[in-house]
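> can't give you the sequence, but here's the structure:
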C-alpha cells in the first residue's frame, strides 16, 4: 500500500444540492485532486478552523481537540483508507505516550480534526487513482471545471422516488446505506419510501 499526502485546497458548495458541500484535497507535490462530498455542518467546522475563527462556544470538533489535549492524546495523521459504494472511509491515527492506535472516523470529521491538529492527511493511492482528477494548470481557480463536474455528479440525486423504479432492491439498499453514511436523511427517507412501496405491492 502506498500513501499519498494531501492538503485541503478548497471548500466548494454544490450547485445541485443546497445542503451539500465538497472539500477538495490536493496531492502534495503533485497535480492530482480528490473531491469529497461532506455535509454543511462539517463544511462549517472545517471552514471555521481554516479561517482561525473563534466561536463563542466550542464546536464539537473543538471539544474533541480539547479532550485530546487534556488527556495528552496527539493526532499523528488521518488516513483515507477505503472507498466503497461512493463512501470514503478514514482512520484517525493517534498517539498517547509511546502507543499508536487507530480510530474509525467519518472522513469529514477526520478532516475537521486534521485542520485543528495541523496534522498530515494521507490517502491510499488506489483511491486517488479511482476517484481523483488531474488539476488543469491553465485554470487559476481553486476548484477546476473538472472538479466542479465531478462534484456535481457526486452530489446529484434523484428528485423523487420515481427515479428509483429501475433499481433493484439490492441497489436501493446500497443507495440507502450511502445516504445514511452521508447523513442525507431526506434522500434516505425517499429511498425507504420506495422500498416500503415495493414490499406492500409484493
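Okay, I see it. Since the structure is predicted, the reported quantities are computational estimates derived from the model, not experimental observations. Numbers count the residues shown, from 1 in each chain.
> and the nearest residue to residue 32 once chain neighbours are set aside, what does it touch?
Distance criterion CB to CB, 6 or more residues apart in numbering; nearest residue to residue 32, sequence neighbours excluded, is residue 132 at 4.6 Å. Just so you know, the C-beta spots here come from the backbone N, C-alpha and C atoms, and that holds for glycine as well. For residue 132, the contact set (CB atoms under 8 Å, 6 or more residues apart in numbering) comprises 27, 32-34.
> pLDDT and neighbour count for the residues you listed - can I get that in CSV?
Converted to CSV, the contacts of residue 132 look like this (pLDDT from 0 to 100; neighbours: other CB atoms under 10 Å):
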residue, pLDDT, neighbour count
27, 95, 20
32, 93, 17
33, 93, 25
34, 93, 26
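> inside strands: which ones of those?
Mapping the contacts of residue 132 onto strands (DSSP state E) picks out 27, 32-34.
> of those, which is the nearest to residue 120?
Comparing the ones in strands among the contacts of residue 132 against residue 120 with CB to CB places residue 27 closest, at 12.5 Å.
> spit out the contact partners of that closest one.
Neighbours of residue 27 in contact, by CB under 8 Å, 6+ apart: 4-6, 33-34, 128, 132.
> cross those residues against helices and list the overlap.
residue 128 (DSSP state H).
> now distance to residue 42 too, for the contacts of residue 27, in TSV please.
Shown next, in TSV, are those (distance: CB to CB, whole Å):
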residue	distance to residue 42
4	22
5	21
6	16
33	19
34	16
128	20
132	20
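> show the pLDDT at residue 60.
Residue 60 is assigned a pLDDT of 91 by the prediction.
> show me what contacts it?
Residue 60 neighbours (CB under 8 Å, 6+ apart): residue 45.
> same thing but at 10 Å, please
By CB atoms under 10 Å, 6 or more residues apart in numbering, the contact set of residue 60 is 41-42, 45, 109, 112.
> do the same with residue 93
74-79, 100-103, 110, 119-120, 122.
> buried subset of those residues?
75, 77-79, 110, 119-120, 122 (16 or more other CB atoms under 10 Å).
> any buried residues in the longest helix seen in the chain, and which?
Counting residues, the longest helix in the chain under DSSP H turns out to be helix 185-201. Across helix 185-201, burial judged by 16+ other CB under 10 Å covers 187-188, 190-192, 194-195.
> could you do stretch 53-71 as well?
Result for stretch 53-71 [16+ other CB under 10 Å]: buried residues 59, 61-62, 64-65, 68.
> what element comes up after the helix or strand bottoming out on mean pLDDT in the chain heading to the C-terminus?
Of the helices and strands making up the chain, the lowest-confidence element is helix 145-155, at a mean of 61, by mean pLDDT, DSSP states H and E. Beyond helix 145-155 on the C-terminal side, the first helix or strand identified by DSSP states H and E is helix 169-181.
> can you tell me how far residue 38 is from residue 193?
25 Å (CB to CB, to the nearest Å).
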